[in-house]
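S.K.: next input, structure requested:
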Amino acid sequence: MSKIERFVIGKGLTRKVEGQEYEFTRKYLRLEVRLPEQFTEEGFKDAVTRAEYIIDNFLGQPEAAKIPDFNAEELMKHEWKGKKTGEGQYAKGSLSWGWDFKDKFSPDVIKALEKGPVQIDQYEFTLEATGNIVSTKKKKSSAR
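M.R.: Model (predicted):
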């Protein structure tokens with residue numbers, strides 16, 4: 001059985017310049033995505049979806065950039081897990097650093113995270129490449 005270690009995806013967009021009969025603008029972006037050592041078919045699909053989202057944002061396609069509506073409080077008030085303390089036991093996590101299994105979140109939250117990281121206030125929420133874990137971390141401040 002062959003194993004996928006990476007894939008390349010590209011998209012282009014050609015638009016007519018407003019007010020010009022024969023003038024067009026063209027954009028093209030190609031991404032190479034490296035997959036983690038262990039991944040599932042669902043993880044592969046998630047990686048493709050995220051790559052398409054990045055490309056569509058670059059190309060300026062508003063319909064692809066739309067993130068589904070979801071309740072942000074579900075992420076902000078979630079009881080996050082921390083490091084493993086024993087078999088099936090985990091320390092308490094926090095918004096600054098925590099994680100939990102994907103099935104602990106509503107489908108709306110997962111759809112939003114499948115499009116890429118979600119930033120709320122000073123926190124970033126991510127659906128990990130495996131597609132099974134949602135994580136949170138506090139963004140580093142850029143104070144100078």
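S.K.: what sits against the closest residue to Glu74 other than its chain neighbours?
M.R.: When the adjacent residues along the chain are set aside, Glu74 lies closest to Val109, with 5.5 Å between them (C-beta to C-beta, 6 or more residues apart in numbering). To be clear about C-beta, it is placed using only N, CA and C from the backbone, and glycine gets the same treatment. Val109 sits next to Phe70, Asn71, Glu74, Leu75, Val134 when contact means C-beta atoms under 8 Å, 6 or more residues apart in numbering.
S.K.: please redo it, this time with the cut-off set to 10 Å
M.R.: Pro68, Phe70, Asn71, Ala72, Glu74, Leu75, His78, Lys102, Val118, Phe125, Leu127, Val134 (C-beta atoms under 10 Å, 6 or more residues apart in numbering).
S.K.: and it, its phi and psi?
M.R.: Dihedral angles of Val109 (phi, psi; degrees, to the nearest 10) stand at phi -60, psi -40.
S.K.: just Ser135 next, same as before
M.R.: phi -130, psi 160.
S.K.: report how many residues lie close to Glu52.
M.R.: Neighbourhood size, Glu52 [other C-beta atoms under 10 Å]: 16.
S.K.: how distant is the top helix by length along the chain from the center of its chain?
M.R.: Counting residues, the longest helix in the chain under DSSP state H turns out to be helix 41-59. Mean C-alpha position of helix 41-59 versus that of the full chain (C-alpha atoms, centre = their mean, to the nearest Å) differs by 8 Å.
S.K.: buried set for it?
M.R.: Buried residues in helix 41-59, defined by neighbour count with 16 or more other C-beta atoms under 10 Å: Gly43, Phe44, Asp46, Ala47, Arg50, Ala51, Glu52, Tyr53, Ile54, Ile55, Asp56, Leu59.
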